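Trainee: Sequence and predicted structure are below.
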Amino acid sequence: MPYKALLSPPLAFLILTLAAGLLMYLSKYLALGNPKPSEQSKKAYSCGEQFSGHLIQPDYSQFFPFAFFFTILHVIAMVIATVPPETLGVFAVAVVYITGAVTGLLILLRK
């Protein structure tokens, strides 16, 4: 079965990279060409309104607690799920990690 060699990750990556490069090269012939860009094409478009140049400063203060909450819960779930069942202290390990997670979340979500 010679096609099994195509399923090896390095060869598959190389084939897909070459295919993507070929598609990018060929797609330039499908694109509409505009040899002389106008002044209007260099201006920012904002739903038909004049762009005032005011930059929005994103505030991630509400994002970080959720990201940290997600990370803590998933790391704890991964650690508990990968503890071998024949370990004597499986329950003790689970309790320690869950206690640590709850403590971290209480600290995180305090006002």
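Mentor: That came through fine.
Trainee: Within the helices and strands, which one has the spatially most central residue of the chain?
Mentor: With distances taken as CA atoms, centre = their mean, the chain has Ala67 as the residue nearest its mean C-alpha position (12.2 Å). Secondary structure assignment for Ala67, by DSSP states H and E: helix 63-81.
Trainee: That helix: what's the following helix or strand?
Mentor: Proceeding N to C from helix 63-81, the next assigned helix or strand is helix 90-108, under DSSP H and E.
Trainee: Show me which residues of that next one are buried.
Mentor: In terms of neighbour count (16 or more other CB atoms under 10 Å), helix 90-108 has its buried residues at 97, 101, 104-105. No exception for glycine: its C-beta is placed from N, CA and C like everyone else's.
Trainee: which residue packs closest to Ile98, ignoring adjacent ones?
Mentor: Ile76 (6.6 Å; CB to CB, 6 or more residues apart in numbering).
Trainee: Just list the residues touching the one you found, thanks.
Mentor: Ile76 makes contacts with 97-98, 100-101, as judged by CB atoms under 8 Å, 6 or more residues apart in numbering.
Trainee: and the gap between it and Val93?
Mentor: 11 Å (CB to CB, to the nearest Å).
Trainee: Check Glu86 too.
Mentor: Glu86 is 13 Å from Val93, by CB to CB.
Trainee: tell me which element Leu16 falls in.
Mentor: Per DSSP H and E: Leu16 is located in helix 9-27.
Trainee: Contacts for that helix, please.
Mentor: In contact with helix 9-27 (CB under 8 Å, 6+ apart) are residues 5-6.
Trainee: average pLDDT for it?
Mentor: Mean per-residue pLDDT for helix 9-27: 91.
Trainee: Name the residues of it that are buried.
Mentor: Taking 16+ other CB under 10 Å as the criterion, helix 9-27 shows none as buried.
Trainee: Return the distance of that helix from the chain's centre.
Mentor: Helix 9-27 sits 22 Å away from the centroid of its parent chain (CA atoms, centre = their mean, to the nearest Å).
Trainee: Likewise for stretch 80-97?
Mentor: 30 Å.
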